[in-house]
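# whatever this is, show me its structure:
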Amino acid sequence: MAATDNQQVPDMYGKHRATVPSMSSKTNGRQLTRLQLIDDEQRFSEELPMFMKQRWNLADAGFNYDVVAVFGSQSTGKSTLLNRLFGTRFDVMDEGQRQQTTRGIWADRGTDSMPVLIMDVEGTDGRERGENQDFERKSALFSLAVSEVLLVNMWETMVGLYNGANMGLLKTVMEVNLQLFGGQQKSKTLLYFVIRDHASSTPLENLAATLHNDMDRIWDGLNKPEGLENAQLKDYFDLKFSSLPHKVLQPENFEKAALALRSQFVDHKADDYVFRPEYKRRVPADGFPHYAEAVWDKVVSNKDLDLPTQQELLAQYRCDEIAAAALTPFRASIEALRPRVREGEIVHELGATALAARKQAIAAFDEQAARYHAEVYKKKRMAFVQTIDGELQSLALNQVKNALSQAAEKFASESHKALEEAADRVSLEGAMEAGNSFSAVVGAVRKRVTKWFSEIVDSLTIEEAGWTLDAEVKQLKGMLDTTTAKLRQAEMERALEQLRRHAQDMLSEVISDRLNNPDDGMWAGVMEGFDAANAQAEDQLQRRMDMAEVGDSEQRIKLQRKLHRGLWEDMVSGLKEEVADQMVLLKLRTALEDRFRYDENGLPRVWRPSDDIDAQFSVARNAAQALLPQFSRIDISASKTLPQPISSGIGTYFPAGFDVERSMTLISGSRLRELNKRFGREADALYLEAKRAMVTTQNQVPIWVMALLVVLGWNEAMTILFNPLYLVLTALLAGTVFVLHNLRLWGPVVRAAGGLVNVANDHVHELLVEAVNRTDPGRNRTAGRRPKSDRAEEIELEPLSESQQDLSMADAEEATGSNTD
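Prediction:
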């Protein structure tokens, strides 16, 4: 809706210049920038944001701009006045024709870089619209709503008239204005009456007084809202008056007066400067297009024009736009780090990046949004900051969750490793030092992990955000406490294992010694060793619990009972190893042999025919068999530690539910009977061996037989001794037998001899076969046509007749004889 029609623009001296071309052309080096803001069909221009930014360069002006509108009857020179005051290029009426020139509302920016937006409003009381005053009222209301200064252009002859001076329309405007602002009026509007063609002798003061009285009368006749019955005109409007000489009759005076009037809009230092702070609408320049369009929509829809509401709506709209624009670079800054955080990485630069992005986004929002409605700005700023902080909090929580997971894992792994190293140092040094205690080791690791986590939390904490990570810090404490409890439990399990292993080493020697030398005090000795190992383990456990800071008395008692059960089970396990079947039989056999084969002095017995071997064997076997019941069950009567009876210690000395009574039995009844039978058989074998030894002793060769053998074999012995050949052969044979016997090579020698015999048999068999073949020519001829191997196989497979066997034996003897020769 930009202007494209040609117009004539009078200069400041009343002369007419050439026709002004379209907007795209330039006049005197200046491109036309006028815009038809609202056309005669009441449509608002969509090009206003572009003109504010590109053509007028006002979008970034903030509050440093002003809005002026002109109001008056048609063809009273409104456009000419604006062109003279602000250097604009609005269309002016052709002096040769009396007709409407400005249709709708046009807008332009003042020249000389004036930050002023000027609106040229269609004149009232035009014949083109006739009695339809709808647009007149709407345009007047719109001008009042968006303008700081409303120029009321009228001729001198209209002063004192009601309709001619548009007093009726002004009444409507003022009444609606009062309804608009009511008790919330924060800015005034300057009604600047410009009296044109002032050619009479009536002073301006008198004309101004007449207009002022008319305005007071109109104000008094307004229908004021409830609570504003006593409101004064000066509370809402300032009135200012000025006059211009006749433009045609006094052109030079007109131009001088116009220049003087222009200075009131240009010179900031002048006392009569028009644009005063109390007239500001507090609408930033970049939000003016949306604000003006919203006001016009309200006017067109015939709704009450609520200016504060429109300012709030504008502020909401613009603040949302500004917030969206500020969020874009903010999110771009943190989105680059979000994937790394989601993957579980600890991004150390996240805190600094987030804080910088937050400050930059808030600063960008404040720079533009602070110009709008204060209350809306505060609410929108709060919402904007909450949005930013919400996104940062979400990202920070993800980072903290990663840190929590890594801190717990790091604490567990490092503590476990440190405890193992401390355990190794204890095993090497042989004593538990303060630096190797559980509390010292785990405390040092916990301090490092907590410091590492606190540094991450501190880097993510934003004091202005209003949220903290105290819950996560507390969560870390709980996780570390839980892990510490698990580590303490594992450490105590390790301590129990070490104490049991040490006690087992002590007990195993005692058990082995006492059960390998059974007597009436066997179990007393075992219990004495158990009491000593138990006392030492309990003392060490108390120290380990103190160093591990196990303060719960119930937990300490539980650990003690667990130690007691472990020591008991280890002792029972060691005893069961010693009373295995073979071990028990060995012990009984040893006891039997000690009593049967050895005398009271420990010397081996040599049984003689006069000895009562049966009685001795019966005593020894009974004594050995009497030991078997002792091995079958543990006797704790001599123990000073175990409860008596032992079943009373369930729940006090031992953990509840432990079946200690069952573990007392080492050898069951059926197994005891079986062992007794097996021992009886072994004892019988020992008895028979002793009997044989006695018979061997009784059946010795008499001396006279030995003497007879010497006498009869004397000559043969002398022959061997005095014949060198026989002597050497005898010596070699004796030496060979001696070596073979000592080296136990009789087995290999026998196997070698057997192999030689087999080879000899094979050789004899082959000789017999050859002899048979020589005595049977027919077989030889048949065999001649076959391979040798086939003949041999055939001969081996066919049986020989008796005559052939006899002949073969004769041939074999002849062949043997020839070979011998």
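# part of a strand, is Gly72?
Yes: counting by DSSP: H, G, I helix; E, B strand; the rest coil, Gly72 is found in a strand.
# ok, it to Arg671 distance?
Distance of Gly72 to Arg671, computed by C-beta to C-beta, to the nearest Å: 130 Å. Where you see a C-beta, it was placed from the backbone N, CA and C, and this is true even at glycine.
# repeat for Gly525
Where Arg671 is concerned, Gly525 sits at a distance of 24 Å (C-beta to C-beta).
# same question for Asn723.
In terms of C-beta to C-beta, Asn723 sits 69 Å off from Arg671.
# repeat that for Thr590.
20 Å.
# all strands of this protein, in order?
Along the chain, counting by DSSP state E, strands occupy 26-27, 30-31, 35-38, 66-72, 105-109, 116-121, 149-155, 189-196, 237-243.
# save the ones you listed as TSV, and put in mean neighbour count too.
As requested, the strands of the chain are exported to TSV (neighbours: other C-beta atoms under 10 Å):
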stretch	mean neighbour count
strand 26-27	12
strand 30-31	10
strand 35-38	24
strand 66-72	25
strand 105-109	26
strand 116-121	27
strand 149-155	23
strand 189-196	22
strand 237-243	17
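# in CSV, list the ones you listed along with distance to Leu496.
Listed next are those as CSV, based on distance: least, C-beta to C-beta, whole Å:
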stretch, distance to Leu496
strand 26-27, 100
strand 30-31, 96
strand 35-38, 92
strand 66-72, 89
strand 105-109, 91
strand 116-121, 89
strand 149-155, 95
strand 189-196, 92
strand 237-243, 96
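# could you dump these to a markdown table with mean pLDDT?
Output for the strands of the chain, formatted as a markdown table (pLDDT from 0 to 100):
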| stretch | mean pLDDT |
| --- | --- |
| strand 26-27 | 42 |
| strand 30-31 | 50 |
| strand 35-38 | 88 |
| strand 66-72 | 88 |
| strand 105-109 | 89 |
| strand 116-121 | 90 |
| strand 149-155 | 88 |
| strand 189-196 | 88 |
| strand 237-243 | 89 |
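# show me which helix runs longest in the protein.
helix 374-429 (DSSP state H).
# re earlier: indicate which one of the strands of the chain is closest to Arg331.
Closest to Arg331 of the strands of the chain is strand 116-121 (C-beta to C-beta; 34.9 Å).
# mind checking pLDDT for Pro115?
Pro115 carries a pLDDT score of 90 in this model.
# which residue is the nearest non-sequential neighbour of it?
Tyr65 (4.2 Å; C-beta to C-beta, 6 or more residues apart in numbering).
# which ones are touching that neighbour?
58, 115-117, 285 (C-beta atoms under 8 Å, 6 or more residues apart in numbering).
# stretch 472-485: which residues count as buried?
Buried residues in stretch 472-485, counted by 16 or more other C-beta atoms under 10 Å: 472, 476, 479-480, 483-484.
# what is the nearest of these to Glu414?
Thr483 (10.8 Å).
# show me the contacts for Val300.
42, 138.
# which residue is nearest the middle of the chain?
For the chain, Asn402 is the residue whose C-alpha lies nearest the centre (C-alpha atoms, centre = their mean; 3.3 Å).
# model confidence at that one, what's the number?
For Asn402, the predicted pLDDT is 85.
# next one: the closest residue to it other than its chain neighbours from Ala336, what distance?
Spatial nearest neighbour of Asn402, chain neighbours left out: Gly344 (5.1 Å); criterion: C-beta to C-beta, 6+ apart. Separation of Gly344 from Ala336 (C-beta to C-beta) stands at 17 Å.
# so where's the stretch 301-450 of the chain uncertain?
Applying pLDDT under 70 to the stretch 301-450 of the chain flags the ranges 302-310, 423, 425-436.
# repeat that for 80
301-314, 371, 419-439 (pLDDT under 80).
# now do the helices in the stretch 401-550 of the chain.
438-460, 470-516, 522-547 (DSSP state H, counting those that start in this stretch).
# can those go into TSV with extra columns for distance to Ser618?
As requested, the helices of the stretch 401-550 of the chain are exported to TSV (distance: least, C-beta to C-beta, whole Å):
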stretch	distance to Ser618
helix 438-460	63
helix 470-516	24
helix 522-547	23
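# quick one: which of those helices is nearest Ala315?
helix 438-460 (33.0 Å).
# tell me the one of the contacts of Tyr65 nearest Arg633?
If you rank those by distance to Arg633 using C-beta to C-beta, Ala285 comes first, at 106.2 Å.
# tell me how far the closest one lies from Tyr377.
Distance of Ala285 to Tyr377, computed by C-beta to C-beta: 16 Å.
# then Ile38?
Distance from Ile38 to Tyr377, by C-beta to C-beta: 29 Å.
# next one: Asp272
Counting by C-beta to C-beta - Asp272 and Tyr377 are separated by 33 Å.
# quick one, which of the two is more surrounded?
Tyr377 (21 against 11; other C-beta atoms under 10 Å).
# my read: that one touches Ala370, true?
Yes: if you go by C-beta atoms under 8 Å, Tyr377 and Ala370 touch, sitting 5.9 Å apart.
# for Phe86, see how far away Trp155 is.
With C-beta to C-beta as the criterion, Trp155 and Phe86 are 21 Å apart.
# contacts only, for Ala740.
One correction, residue 740 is Leu, not Ala. Counting by C-beta under 8 Å, 6+ apart, Leu740 has contacts 746, 749.
# got a pLDDT number for it?
81.
# how near is it to Lys576?
Counting by C-beta to C-beta, the gap from Leu740 to Lys576 is 47 Å.
# what do you get for Leu397?
Taking C-beta to C-beta, one finds Leu397 at 58 Å from Lys576.
# compare neighbour counts for those two and give me the winner.
More crowded of Leu397 and Lys576, by other C-beta under 10 Å: Leu397, with 17 against 13.
# let me know the pLDDT of the spatially closest residue to the more buried one that is not a sequence neighbour.
For Leu397, ignoring the flanking residues on the chain, the nearest one in space by C-beta to C-beta, 6+ apart is Glu472 at 7.4 Å. Here the pLDDT value assigned to Glu472 is 78.
# and Glu472, how close does it get to Leu688?
For Glu472, the distance to Leu688 - C-beta to C-beta - is 86 Å.
# could you dump stretch 437-451 to CSV, C-alpha only?
Provided in CSV are the C-alpha atoms of stretch 437-451 (Å, rounded to 0.1, in the frame of the first residue of the first chain):
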residue,chain,number,x,y,z
SER,A,437,43.0,-49.3,59.0
PHE,A,438,39.7,-49.4,57.2
SER,A,439,38.6,-46.0,58.4
ALA,A,440,41.9,-44.4,57.3
VAL,A,441,42.0,-46.1,53.9
VAL,A,442,38.4,-45.6,53.0
GLY,A,443,38.2,-42.2,54.5
ALA,A,444,41.1,-41.0,52.3
VAL,A,445,39.4,-42.3,49.2
ARG,A,446,36.1,-40.8,50.2
LYS,A,447,37.7,-37.5,50.7
ARG,A,448,39.2,-37.5,47.2
VAL,A,449,36.0,-38.6,45.6
THR,A,450,33.9,-36.1,47.5
LYS,A,451,36.2,-33.3,46.5
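# which residues touch that stretch?
407, 410-411, 414-415, 418-419, 422, 434-435, 476, 480, 484, 487-488, 491, 547-549.
# and Asn723 and Arg671? which has more neighbours close in?
Remark: of Asn723 and Arg671, Arg671 carries more neighbours, 15 against 12, as counted by other C-beta under 10 Å.
# tell me the contacts of that one?
Contacts of Arg671 (C-beta under 8 Å, 6+ apart): Asp581.
# change it to 10 Å
Contacts for Arg671 were tallied using C-beta atoms under 10 Å, 6 or more residues apart in numbering; they are 579, 581, 584, 632, 665.
# alright, calling it a day.
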